[in-house]
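In: Generate a structure from the sequence data that follows.
(one chain, ligands or ions: 1)
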Amino acid sequence: MTRESASACQPTISITEKQHRRQICRIGRWMYTRGYVVANEGNLSVRLDEDRILVTPSGTCKGRLKSDGLLVTDLRGEVVSGTGSPSSEMLMHLLYYRSRPDVRAICHAHPPTATGFAAARRALEEPVLPEVIVGLGKIPLAPYGTPGTWELCAGLEPLVQNHDAILLENHGVVTCGRDLLAAYQRMETVEQFAKVMLTAELLGGPHLLQRADVRKLVAARPVGGPSLPRESFELPLSAEATRDRPAMARPALEPVAK
Ligand SMILES: [Zn+2]
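Out: Reported below is the predicted structural model:
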């Protein structure tokens, strides 16, 4: 079954542009209140239809968005309605929308713990929590690129097809979904997982699930849950595979001896 036909089987409730605008403002407030962004960081967008994207403008605090202050752009990022410039990180949103017809919303933020992992060049790809394995699979790390440029997109491009959440090296996190709430909840999951992993590291390291356990979890994934069809879902590493990796990039938390 193709991704388009899979999504066509899902019941859809159409909501109006006005409702999308309100939802972007509400989720912007949630991101700001939870500390996933500060000052004017982060950006949100929703695909209104085949040709139009509703996006947050650059230079605005996501905790204080106004629904009539959002911009509508085309798929090249050119503003077709509203005043101001779209987010400087619009290119990242466009990459997802052009590559994945199933993606209807993007959430980008700098949640501190997950961004800490990205700054330490640590992907979140180990099999530790069942709900993360089932919902997101691996959370890979895209190589660093200057924010707001195609350089960033070049590192992301190989990953967007198979991942709904990606860490951006020395930068933050991007998540996508069939709607904005799904994209936001993935951001919450990534940050929560990063906190759990950090705590587990402090307590001696996480216990990794075995390959058989990971397979059982993935086989039980509910239809209609995560965006990705089973065939494009990238499994997290199993405990066995992690052990077998000769040079896993897993720096210790303790300071390096001089
Ligand atoms: Zn950013």
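In: can you give me the helices for the stretch 1-150 of the chain?
Out: Taking DSSP state H, counting those that start in this stretch as the criterion, the stretch 1-150 of the chain contains helices spanning 3-8, 17-33, 90-99, 112-119, 130-136, 150-160.
In: Identify whichever of those helices lies nearest to Q185.
Out: helix 130-136 (8.7 Å; Cβ to Cβ). All C-beta spots, glycine's among them, are computed from the backbone N, C-alpha and C.
In: and the closest one, average pLDDT?
Out: In this model, helix 130-136 has an average pLDDT of 92.
In: ok, now stretch 198-211?
Out: Mean pLDDT, computed over stretch 198-211, is 95.
In: hang on, K195 in a helix?
Out: Yes: counting by DSSP: H, G, I helix; E, B strand; the rest coil, K195 is part of a helix.
In: give the contact list for it.
Out: Shown in contact with K195 (Cβ atoms under 8 Å, 6 or more residues apart in numbering): T113.
In: what about it, distance to T60?
Out: Distance, K195 to T60, using Cβ to Cβ, to the nearest Å: 27 Å.
In: Send me stretch 116-129 as CSV with only the CA atoms.
Out: Taking C-alpha atoms only, stretch 116-129 is exported to CSV below (Å, rounded to 0.1, in the frame of the first residue of the first chain):
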residue,chain,number,x,y,z
GLY,A,116,22.0,18.8,24.6
PHE,A,117,22.1,15.3,23.0
ALA,A,118,22.3,17.0,19.5
ALA,A,119,25.1,19.3,20.8
ALA,A,120,27.0,16.2,22.1
ARG,A,121,26.5,14.5,18.7
ARG,A,122,24.4,11.8,20.3
ALA,A,123,21.5,10.4,18.4
LEU,A,124,18.6,8.9,20.4
GLU,A,125,18.6,5.5,18.7
GLU,A,126,18.9,3.0,21.5
PRO,A,127,15.9,0.7,22.3
VAL,A,128,15.0,1.8,25.8
LEU,A,129,11.3,2.9,26.1
